[in-house]
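**Student:** What would the 3D arrangement of this be:
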Amino acid sequence: MKSKHDDRGALVYSSEHGRMCPACRRPASRCTCRDPDRSPVLSKSAGKPVVRIGRETKGRKGKGVTVVSGIPLSGGALEELASQLKRSCGSGGTVKDGVLEIQGDHRDTLVVALEQHGWIVKRSGG
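**Tutor:** Just a heads-up that it's a prediction; the model follows:
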C-alpha cells in the first residue's frame, strides 16, 4: 500500500482506497459530504473525460511527436479518429496501447479538433 499526505496531514494519494472525494478527502465509498441522493460531491468535469496532449522526443533520436492520451474510445473508433486527426495535421502517426502519436508538433491543431468532439482537452508537459 502506498499513501502520501500533504503538510497538513490530509491524504493526497492512496493505492488502497481508490477514488477520493475532493471535498472531504475521504474514499468515495465513505464520503461525509454526500448529497441527499447519496452521490458524492465531485467536480463539474467529473462526467467528461479529460484528454491530454503533450510532446515527446524520448527514444526517437530527437524527432518530436505529439502524444494524445485519455481518449475515451477503443478499437476501430480510435483508429478512425486517429486517421481523421492525421489527415487534419497532414502528418503520419500511430496508435499504441490506446495512445495516439502524431509525427511533429501539432498540439494547437489537435486541441481545437478534440474540443469539437466535446471532450475537455488539457496540455501536459512544457
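**Student:** now what about the longest strand along the chain, what contacts it?
**Tutor:** As assigned by DSSP state E, the longest strand anywhere in the chain is strand 50-56. The contact list for strand 50-56, computed with CB atoms under 8 Å, 6 or more residues apart in numbering, reads 64-71, 105, 107, 110-111, 114, 119-125. The C-beta positions use only the backbone N, C-alpha and C, and glycine is treated the same way.
**Student:** Next secondary structure element downstream of it?
**Tutor:** strand 65-69 (DSSP states H and E).
**Student:** okay, the angle between that following strand and strand 50-56?
**Tutor:** Per axes from the mean of the first three to the mean of the last three CA atoms, to 10 degrees, the angle that strand 65-69 makes with strand 50-56 is 160 degrees.
**Student:** Each with direction, which strands does strand 65-69 pair with?
**Tutor:** strand 50-56 (antiparallel), strand 99-103 (antiparallel) (DSSP bridges).
**Student:** Next SSE downstream of the shortest one?
**Tutor:** Past strand 99-103, further along toward the C-terminus, the next helix or strand under DSSP H and E is helix 107-115.
**Student:** and C24, what does it touch?
**Tutor:** For C24, the contact set (CB under 8 Å, 6+ apart) comprises 31-33.
**Student:** now do S69
**Tutor:** 51-52, 54, 98-100.
**Student:** Can you name the two of these that sit furthest apart?
**Tutor:** Spanning the widest gap among those are G54 and G98, at 14.9 Å by CB to CB.
**Student:** quick one on the thing from earlier: now flag whichever of the contacts of C24 is closest to G90.
**Tutor:** Distances from G90 to the contacts of C24, taken by CB to CB, are shortest for C31, at 47.6 Å.
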